[in-house]
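Colleague: Dropping a prediction and its sequence here:
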Protein chains: 2
Amino acid sequence: MKTCVTLHQEELPRAWYNALSDLDRPLDPPLDPRTGEPIAPEALAALFPRACLEQEVATDRFIPIPEPVQEAYRRWRPTPLRRAVALERALGTPARIYFKYEGGSPTGSHKANTALAQAYYNRVEGTRRLATETGAGQWGSALAFACATFGLRCTVYMVRTSYEGKPYRRALIRLFGAEIFPSPSDRTAAGRAVLERDPGSPGSLGIAISEAVEEALRGDGTKYALGSVLNHVLLHQTVIGLEAIRELELAGDWPDVVVGCVGGGSNFAGLAFPFFGEARAGRRPLPRLLAVEPTACPSLTRGEYRYDFGDTARTTPLLKMHTLGADFVPPPLHAGGLRYHGMAPIVSRLVADGAVEAVAYDQADVFSSALLFARTEGIVPAPETAHAVHAAVELARRCAADGEEKVILIGFSGHGHFDMAAYEAALSGALQGVA
Amino acid sequence: MKTCVTLHQEELPRAWYNALSDLDRPLDPPLDPRTGEPIAPEALAALFPRACLEQEVATDRFIPIPEPVQEAYRRWRPTPLRRAVALERALGTPARIYFKYEGGSPTGSHKANTALAQAYYNRVEGTRRLATETGAGQWGSALAFACATFGLRCTVYMVRTSYEGKPYRRALIRLFGAEIFPSPSDRTAAGRAVLERDPGSPGSLGIAISEAVEEALRGDGTKYALGSVLNHVLLHQTVIGLEAIRELELAGDWPDVVVGCVGGGSNFAGLAFPFFGEARAGRRPLPRLLAVEPTACPSLTRGEYRYDFGDTARTTPLLKMHTLGADFVPPPLHAGGLRYHGMAPIVSRLVADGAVEAVAYDQADVFSSALLFARTEGIVPAPETAHAVHAAVELARRCAADGEEKVILIGFSGHGHFDMAAYEAALSGALQGVA
């Protein structure tokens, strides 16, 4: 039995799959909060390169991956599709559990897939520097790596609590040559305003976004980059699912359920959308597409589907999405990458349409499955990834109870080698449920 | 141009290469320090399983890898052979630089290759628990993972300074279900004796070995496992070089130089010995085999080739090897895995015979090459691996100066995601030369 299938390097997908092309009706457009009118992509040209803005509204079914981005992907892609045989045995389940492993990327997660594409397009269009925010640091380190690859400068605003609490991620960002500042900082008007009110502010993703956006609007050749939520970001991640489909074919199997964790939605979309596309094209049955979120930040399972701001500072266009409200402040959570009040508009739409299901789990349960996975498969899931692992474990247990031979595919978005403090807490019994 | 070649899963080597079979004359045997006479392998049966003791003296050219060990390897093996094109460009060198990447293993280094084999043989022979020591934690985490895989209990004595200074590695060891104690501990007579003399002892590898060995001698079904130096450990690592040879053939290239870092010698041997075997078999020219050590612990370049104890507590048999003396205490060094006073007997012999060359570098120079590698290739080398990277960079620079198109193969033994504190020091200019 094959326990690992990896495409050849020359089988790397040459185009991304664009889910916008397969929606029943067009996505509700972003709105200008001042006028309530749709915002034209060009209005965002100060922030994003033209190529990415075109991808925001493109309707082509496939969009070519530029050759230099393919070359950069080939450093670690195609990534392996593995079968979790030892986990299956431990669960005594007749289910077959596969996982698509994105932890082998230079920064240990799927984020590099879009970071490289965004850095490339910016480079081609003359951008000299990219500014961004980062919470737990997966995105910040991926963008720093991508900027090093394509010769751009990079400035990262890291939420102050993470800056202080995740020194290894901070070091990784610096190692790739980026400059990094704890946010709020005194480098921007937005940061100074916060510090004036609250000199000891721990920071937030909302504040960090405001600082990064302000850098990009200075007109000095700097643009802004976002690591999730937007259509072009989800598009770049579809390389994951496109590979997985071909690898499953080589393994001679097809999933009944595709499971991924969701924060902003890009990892889940990257794996699940190409399966949606295969079904739309009539080639394959649609698997259940299951998005897994923390009960502490349940935008899909408890949020409303409506227009809302993308940031807590209310500076972005309004997006139609599942949201807990731009003011929602999630409790502390080891899966920092899932602490987002909103959700990618395309994922939100597919949930509203019933093509995607959502479920929420508490982190204490999630970590107990993550430990089981690590001890059986030997691979430590990132706390975000652990949510998808837990959902798969729950499904596989149900199969064991019902004697059902389901095929489950997990989006394994990243390894947890930078997150061992969370596991230390879990092992010490110090990990709290935060439902 | 192919920048990454990975064998298919079904091309995983089915046998290890035994370098003992190709030595000009037999290795000098281990001696009993009390009598000065050779020690028969059976005398060590309380510590090691019979299969490993047989491998210590085996003369078969190839030794089959048991099927369950192959299955465990297949979780991440075969590992990729990558070409460092971006590094080549940055150096402006005509050299072609390849690296065999072992950082994708469950614990991020090559150590899992022997940990799984040792755990398997112990399991088959009825061992219920393995005890070991660990310094930086790469070996301890690999053995914990292997014991989880084959259902053995695992006890790790971790040098107290590392236990306190490397909390993430400690958590990884616990995560895999092992029990871990800072050494010296009050659990053993050896530990208590040290604590009585020096209650604040920071510990040493020598003390930790004594504690682990004492556990194994209690007769409660516990045996001992060592992560380097011994012949059977080096044997298990040859899966690295065997894969690399076939991947280089697929890439249509052959190395002029094979470079690996050396602490106890197992990573270097694992990559280099199969090339030695190819040359002995008359199939291929022998590349230069270059072992790289820190100037702070220069056993091959400054040590003597003579009989010495394997541990500082002078409890092990005497081994004929390059040694700085069993009393040698290397200065603090970020590459904790290279802080060993001795060297594997087979590596030592091949250096004495001229088949293997050695060179030593200071860690400040080593980290500057490691940063260059990370920024160009996107992969962060472990501090140990960084020594091999630096040697390759130096060779490639020489090629640039001379216009020589050499082919260099690096043994990339592990990633540095658990070692970011060292990089933080390097980036802050706080890293000291320790020559």
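Modeller: Alright, I've got the coordinates.

Colleague: Which positions in the stretch 251-400 of chain A make contact with chain B?
Modeller: By CB under 8 Å from any CB of the partner chain, the residues of the stretch 251-400 of chain A that approach chain B are A:371, A:374-380. In short, each C-beta sits where N, CA and C put it, glycine included.

Colleague: for those residues, which one is nearest residue A:92?
Modeller: Nearest to residue A:92, judged by CB to CB, of those is residue A:376 at 12.0 Å.

Colleague: Going by contacts, tell me the helices and strands next to whatever helix or strand that closest one lives in.
Modeller: Using DSSP states H and E, residue A:376 maps to helix A:363-377. Here helix A:363-377 touches helix A:85-91, helix A:383-402, helix A:420-427, helix B:167-175, going by 3 or more CB pairs under 8 Å, 6 or more residues apart in numbering or on different chains; DSSP states H and E.

Colleague: and with 7 Å instead?
Modeller: helix A:85-91, helix A:383-402 (3 or more CB pairs under 7 Å, 6 or more residues apart in numbering or on different chains; DSSP states H and E).

Colleague: Just name the most buried of the ones you listed.
Modeller: helix A:383-402 (a mean of 24; mean count of other CB atoms under 10 Å in any protein chain shown).

Colleague: quick one: pLDDT of residue A:1?
Modeller: As predicted, residue A:1 sits at a pLDDT of 63.

Colleague: got the residues of the stretch 51-200 of chain A near chain B?
Modeller: A:74-75, A:82, A:104, A:106, A:108, A:145, A:148-149, A:167-168, A:171-172, A:174-177 (CB under 7 Å from any CB of the partner chain).

Colleague: List buried members of the residues you listed by neighbour count.
Modeller: Among these, the ones that count as buried by 16 or more other CB atoms under 10 Å in any protein chain shown are A:74-75, A:82, A:104, A:106, A:108, A:145, A:148-149, A:168, A:171-172, A:174-177.

Colleague: for those, which one is nearest residue A:428?
Modeller: residue A:168 (19.5 Å).

Colleague: How much space separates that closest one from residue B:345?
Modeller: For residue A:168, the distance to residue B:345 (CB to CB, to the nearest Å) stands at 37 Å.

Colleague: Enumerate the strands of the stretch 251-400 of chain A by residue range, in sequence order.
Modeller: Remark: strands assigned in the stretch 251-400 of chain A by DSSP state E, counting those that start in this stretch are A:257-261, A:288-294, A:304-309, A:318-323, A:356-361.

Colleague: got it, and the stretch 101-250 of chain A?
Modeller: A:129-134, A:153-159, A:179-183, A:222-224.

Colleague: For those, give me TSV that also has mean pLDDT and mean neighbour count.
Modeller: Converted to TSV, the strands of the stretch 101-250 of chain A look like this (pLDDT from 0 to 100; neighbours: other CB atoms under 10 Å in any protein chain shown):
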stretch	mean pLDDT	mean neighbour count
strand A:129-134	96	27
strand A:153-159	96	25
strand A:179-183	96	21
strand A:222-224	97	23
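
Colleague: mind checking pLDDT for whatever residue of the stretch 301-435 of chain A ends up closest to chain B?
Modeller: Across the stretch 301-435 of chain A, no residue is closer to chain B than residue A:378, which sits at 3.4 Å (CB to the nearest CB). Looking at residue A:378, its pLDDT is 92.

Colleague: Could I get the contacting residues of it?
Modeller: B:75, B:106, B:145, B:149 (CB atoms under 7 Å, 6 or more residues apart in numbering or on different chains).

Colleague: out of those residues, which touch chain A?
Modeller: Restricting the contacts of residue A:378 to those near chain A - CB under 7 Å from any CB - leaves B:75, B:106, B:145, B:149.

Colleague: The last one against residue B:116, yeah?
Modeller: Yes: with contact defined as CB atoms under 7 Å, residue B:149 counts as touching residue B:116 (6.3 Å).

Colleague: got any residues that touch both of these two?
Modeller: residue B:72.

Colleague: got the residue ranges for the helices in the stretch 151-300 of chain A?
Modeller: A:160-165, A:167-175, A:189-197, A:205-216, A:231-237, A:239-251, A:266-280, A:299-302 (DSSP state H, counting those that start in this stretch).

Colleague: ok, and what's touching the longest one?
Modeller: Looking back up the chat, that one is helix A:266-280. A:17, A:19, A:22, A:100, A:110, A:113-114, A:228, A:233-234, A:237-238, A:240-242, A:244-245, A:258, A:260-262, A:284-287, A:289, A:291, A:344, A:346-347, A:355-356, A:411, A:413.

Colleague: Can you name the residue of the stretch 51-200 of chain A nearest chain B?
Modeller: For the stretch 51-200 of chain A, CB to the nearest CB, closest residue to chain B: residue A:106, 3.4 Å.

Colleague: for that residue, phi and psi?
Modeller: phi -50, psi -30 (degrees, to the nearest 10).

Colleague: Likewise for residue A:380?
Modeller: phi -90, psi 120.

Colleague: mind listing what the closest residue to it other than its chain neighbours touches?
Modeller: Sequence neighbours aside, residue A:416 is the residue nearest to residue A:380 in space, at 4.1 Å (criterion: CB to CB, 6 or more residues apart in numbering or on different chains). Residue A:416 makes contacts with A:380-383, A:423, as judged by CB under 7 Å, 6+ apart.

Colleague: quick one: which of the residues of the stretch 251-400 of chain A next to chain B is most hemmed in?
Modeller: residue A:380 (29 neighbours; other CB atoms under 10 Å in any protein chain shown).

Colleague: Any figure for the gap between that one and residue A:338?
Modeller: Following CB to CB, the distance that separates residue A:380 from residue A:338 is 17 Å.

Colleague: TSV please, covering the helices of the stretch 151-300 of chain A and showing distance to residue B:429 and mean pLDDT.
Modeller: Shown next, in TSV, are those (distance: least, CB to CB, whole Å; pLDDT from 0 to 100):
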stretch	distance to residue B:429	mean pLDDT
helix A:160-165	20	86
helix A:167-175	12	92
helix A:189-197	27	93
helix A:205-216	26	89
helix A:231-237	36	98
helix A:239-251	39	97
helix A:266-280	37	98
helix A:299-302	43	96
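
Colleague: Save those as JSON lines, and put in distance to residue A:4 too.
Modeller: Formatted as JSON lines, those follow (distance: least, CB to CB, whole Å):
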{"stretch": "helix A:160-165", "distance to residue A:4": "34"}
{"stretch": "helix A:167-175", "distance to residue A:4": "27"}
{"stretch": "helix A:189-197", "distance to residue A:4": "46"}
{"stretch": "helix A:205-216", "distance to residue A:4": "36"}
{"stretch": "helix A:231-237", "distance to residue A:4": "22"}
{"stretch": "helix A:239-251", "distance to residue A:4": "9"}
{"stretch": "helix A:266-280", "distance to residue A:4": "17"}
{"stretch": "helix A:299-302", "distance to residue A:4": "32"}
